[in-house]
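J.: next one to model:
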Amino acid sequence: MAAGLPNTERRWRGFAVAVLLGTAGLLASYLALAVIVDPYETGRVRLLSRGAIRPQGPRTAIAWRGRDPAFEGALIGNSHLQLIEPSVLAERTDIPFVQLTIPATGAAEHFAVLRWFLRNHPKPAAIVLGADAFWCADDPSFPNPNPFPFWLIGHWPDYLAGLLRLPAAEEVASRIGWLLSAKRPKAPADGWWNYEPDYLALGFGRDPVLIARLDKPVGADPEPHRGGPFPIAEAFRAALAAIPEATPVVLLMPPVYAAGEPPAGSPRAKAEAACRATIRGELARHRLSAVVDWRDGRPPLTDPSLFFDQTHYRLPVAREIGAEIANAIIHLRANDAD
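T.: From the prediction side, this is the model:
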């Protein structure tokens, strides 16, 4: 008997090797198929690219939208920036804008999206960022309990590992079906999602109980992760360094309903003000930059009909903010041309 092994043992070893080789072959074949199909239109392989994606959530749609050559400007943030219409900014500035906002995200996700956009648009015409309380975490990793596909917009090793997930495999199959279909439904190219109907369907803006919650005062003590020091300084500095100095950068500090502001002079108010000052200081390092600050107590912030909850405003406010952002971009470009 070869190598002195019993026949049964040799057969089992041969079987195990065959299983391992077969599994490796299947895995390699699947990965090759997934890379070619490019289920989220990352552009890594463009053999089957159709210049569009199937309707899907913004977390995965950013892969295509963030590289779409039709857009030269980007809005990056979370739901506190989502209602701003990119088409309105485009009309006012002549810069085609795409919405890359993703609900329930913070600084780590925003800067990852920014890196992806810059990788595909080395000289963007303008960048708009939304800086809310999530930027003021005291953990430099900016942890978020909500899942985010960093792998999707990361480098090749992360991307290949991400394709091994079950949802990605399901998307490969769905993408193949979409590619073979005569009628292909497409997700909106500019990424704008008007979530007003969704909020209204849940009773926001109409239910007296939900409306009453607007006027519930917040505490005076700093919430966890908001008392400083602020790691956002280093993270934002690095993010800004990657943006060409000729690109206007506008930072929105999104509105908070009046009752959602901490009492003046309280520890929490001081901590939040200190964080915003830190963010402003870093932004000032970028030559063409401006802040659109809606934490300044202006009249709309006291009108309950303009808010769904203390941090989510309605379309009339979004349109005012959009106009102010557009004006800031126009002003920056004009000054740079002088």
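J.: check residue 15 and give its pLDDT.
T.: Residue 15 is assigned a predicted lDDT (pLDDT) of 67.
J.: if I pick the closest residue to residue 98 other than its chain neighbours, what's in contact with it?
T.: Leaving out its chain neighbours, the residue that sits closest to residue 98 by C-beta to C-beta, 6 or more residues apart in numbering is residue 71, at 3.9 Å. The way it works is simple: take the backbone N, C-alpha and C, and place the C-beta from them, glycine included. Each residue near residue 71 by C-beta atoms under 8 Å, 6 or more residues apart in numbering is listed here: 65, 86, 96, 97, 98, 121, 190.
J.: same check on residue 277?
T.: Residues near residue 277 by C-beta under 8 Å, 6+ apart: none.
J.: distance check, it against residue 237.
T.: Counting by C-beta to C-beta, to the nearest Å, the gap from residue 277 to residue 237 is 15 Å.
J.: same question for residue 245.
T.: Per C-beta to C-beta, residue 245 is found 14 Å from residue 237.
J.: secondary structure class of residue 323, three-state.
T.: helix (DSSP: H, G, I helix; E, B strand; the rest coil).
J.: residues in contact with it?
T.: The contact partners of residue 323, by C-beta under 8 Å, 6+ apart, come to 88, 92.
J.: local confidence estimate at it?
T.: pLDDT, residue 323: 97.
J.: which ones are touching residue 336?
T.: 246, 248, 288.
J.: report how many residues lie close to the second one.
T.: Same thing as residue 248. Residue 248: 26 surrounding residues under other C-beta atoms under 10 Å.
J.: what's the helix or strand for the residue nearest to it when sequence neighbours are not counted?
T.: Using C-beta to C-beta, 6+ apart and skipping residues adjacent in sequence, the residue nearest residue 248 is residue 332, 4.1 Å away. Here residue 332, judged by DSSP states H and E, is contained in helix 315-337.
J.: just give me the neighbour total for residue 9.
T.: Neighbour tally, residue 9, other C-beta under 10 Å: 12.
J.: tell me which element it falls in.
T.: Here residue 9 sits within helix 7-37, counting by DSSP H and E.
J.: over to residue 291?
T.: strand 289-293.
J.: ok and that strand relative to helix 315-337, angle-wise?
T.: 160 degrees (axes from the mean of the first three to the mean of the last three C-alpha atoms, to 10 degrees).
J.: would you mind writing the CA trace of strand 289-293 as PDB?
T.: What follows is strand 289-293, C-alpha atoms only, in PDB (Å, rounded to 0.1, in the frame of the first residue of the first chain):
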ATOM      1  CA  SER A 289     -14.600  77.200   1.300                       C
ATOM      2  CA  ALA A 290     -17.800  78.500   2.900                       C
ATOM      3  CA  VAL A 291     -20.100  77.500   5.800                       C
ATOM      4  CA  VAL A 292     -23.900  77.600   5.400                       C
ATOM      5  CA  ASP A 293     -24.900  77.600   9.100                       C
END
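J.: tell me which strands that strand pairs with, and in which orientation.
T.: With DSSP bridges as the test, strand 289-293 is paired with strand 249-253 (parallel).
J.: what mean pLDDT does the strand it pairs with have?
T.: For strand 249-253, mean pLDDT is 98.
J.: residues of the helix or strand just after it that come out buried?
T.: Downstream of strand 249-253, the next assigned helix or strand under DSSP H and E is helix 267-283. Using 16 or more other C-beta atoms under 10 Å as the test for burial, helix 267-283 gives 268, 269, 270, 271, 272, 274, 275, 276, 278, 279, 282, 283.
J.: again with stretch 188-203
T.: Buried residues in stretch 188-203, counting neighbours by 16+ other C-beta under 10 Å, are found at 189, 190, 191, 192, 193, 196, 199.
J.: let's have those residues in CSV, adding pLDDT.
T.: Converted to CSV, those look like this (pLDDT from 0 to 100):
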residue, pLDDT
189, 94
190, 96
191, 96
192, 96
193, 93
196, 95
199, 94
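J.: now tabulate those in a markdown table and tack on secondary structure.
T.: Shown next, in a markdown table, are these (three-state DSSP):
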| residue | secondary structure |
| --- | --- |
| 189 | coil |
| 190 | coil |
| 191 | coil |
| 192 | coil |
| 193 | coil |
| 196 | helix |
| 199 | helix |
